[in-house]
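Chemist: quick one, what's the 3D model for this:
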Amino acid sequence: MPGFVDVSNMTALEVKRLGQMDDYDEEPYQPRQTWKPRAKPEGVKHSVDNVWGAAVAAQRINGEYLKEEKRTFDMVTGEVVDRKLRNRDIMLDILANPALLTVEDIAQGQECRKFLQNDITFRALKGRLTDFDSSVSKVIAVEQEFDTAKHKLELAVVACLPQSHARSLERQATQERVRQTSGAVIGQPGVKVQLDVEVVKSNFSQQWNTWYTTAITADNCAVFFAYRQELAKGAKHTIVGTVKAHRDGSTQLNRVSII
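Modeler: Below is the predicted model:
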């Protein structure tokens, strides 16, 4: 008969299984779980003075600004003989243990912040702000405390600012030293001269793939010239070169060699 199954030749177990098949139904409906965002970790707050002081301390420990970890290897064994952490990592370690901060670190951090604040304000008035200056402005805008969750970018930037401060001070000292020269120029264009000089600045030009050096002569005259390698600041040399031009009380030399 339609709708019935002949079970006369089935065993009891087969009949039982057949009954279980009739009892089967679809899986009960289970609503899909909705996505929920993970709770953001709470930030740790640090005072402005401690953050800037920790950045100064990290610069003092490394002696330079390191964006990435620096390792020195033994040339024979290949083993790591020296390892320097990123300034940012050292800064965060110090913030976790503020007792490591010294009075000098705090004072230098305050001086660094004040200097950069004045420098940014001055250049903003002149309309000379760069993209990096905009990042520095955001750091300086934090006046009370830094939050490790809210101010991740600012904490990354502040780690490099003590080195920026040091470079700015060095640049100002160089400019002041050049301003203190006599302003007298040397020779006429095309004349070959020999001079005893002291190097006050040497910067590399990516565009021209050479070093541009500013130096002061024994007669307190300013000269500048291109040279194939960096000349150390404070080094004294006897140079030979050809006068190329006179600019703003300084003498530009060409084809310079050290004797």
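Chemist: what stretches of this structure score poorly on pLDDT?
Modeler: 1-5, 7, 15-16, 18-29, 39 (pLDDT under 70).
Chemist: hey, which helix is longest across it?
Modeler: In the chain, with assignment by DSSP state H, the single longest helix is helix 103-125.
Chemist: which one is Asp196 nearest to, not counting chain neighbours?
Modeler: Among residues not flanking Asp196 along the chain, Ala218 sits closest, at 4.4 Å (CB to CB, 6 or more residues apart in numbering). Where C-beta positions appear, they are placed from N, C-alpha and C, glycine not excepted.
Chemist: rewinding a little: show me what whichever helix or strand comes after the longest helix of the chain is packed against.
Modeler: Helices and strands here follow DSSP states H and E; after helix 103-125, the next one along the chain is helix 131-140. Judged by 3 or more CB pairs under 8 Å, 6 or more residues apart in numbering; DSSP states H and E, helix 131-140 is in contact with helix 103-125, helix 152-158, helix 161-179.
Chemist: make TSV out of those and add distance to Asp131 and mean neighbour count.
Modeler: What follows is the helices and strands packed on helix 131-140, written out as TSV (distance: least, CB to CB, whole Å; neighbours: other CB atoms under 10 Å):
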stretch	distance to Asp131	mean neighbour count
helix 103-125	13	16
helix 152-158	12	19
helix 161-179	14	15
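Chemist: with distance to Glu64 added, can I get the ones you listed in JSON lines?
Modeler: Formatted as JSON lines, the helices and strands packed on helix 131-140 follow (distance: least, CB to CB, whole Å):
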{"stretch": "helix 103-125", "distance to Glu64": "16"}
{"stretch": "helix 152-158", "distance to Glu64": "16"}
{"stretch": "helix 161-179", "distance to Glu64": "7"}
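Chemist: which one of those lies nearest to Glu68?
Modeler: Glu68 lies closest, by CB to CB, to one member of these: helix 152-158, at 12.5 Å.
Chemist: does Arg255 touch Ile239 like I think?
Modeler: No. Arg255 is beyond contact range of Ile239, at 10.5 Å (criterion: CB atoms under 8 Å).
Chemist: comparing these two, which residue is more hemmed in?
Modeler: More crowded of Arg255 and Ile239, by other CB atoms under 10 Å: Ile239, with 22 against 11.
Chemist: residue ranges of each domain in this protein, please.
Modeler: The record's domain parsing of the chain by automatic domain parsing lists 45-173, 184-258.
Chemist: could I get those as JSON lines with distance to Lys36?
Modeler: JSON lines is the format used below for the domains of the chain (distance: least, CB to CB, whole Å):
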{"stretch": "domain 45-173", "distance to Lys36": "19"}
{"stretch": "domain 184-258", "distance to Lys36": "50"}
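Chemist: circling back: surely the residue nearest to Asp196 meets Ile186?
Modeler: No. Using CB under 8 Å, Ala218 is not in contact with Ile186; the gap is 11.5 Å.
Chemist: who touches the one residue sitting closest to the centre of the chain in this structure?
Modeler: Note on the chain: the residue nearest the mean C-alpha position is Cys160, at 4.7 Å, using CA atoms, centre = their mean. Residues counted as contacts of Cys160 (CB atoms under 8 Å, 6 or more residues apart in numbering) are Tyr65, Lys67, Asn87.
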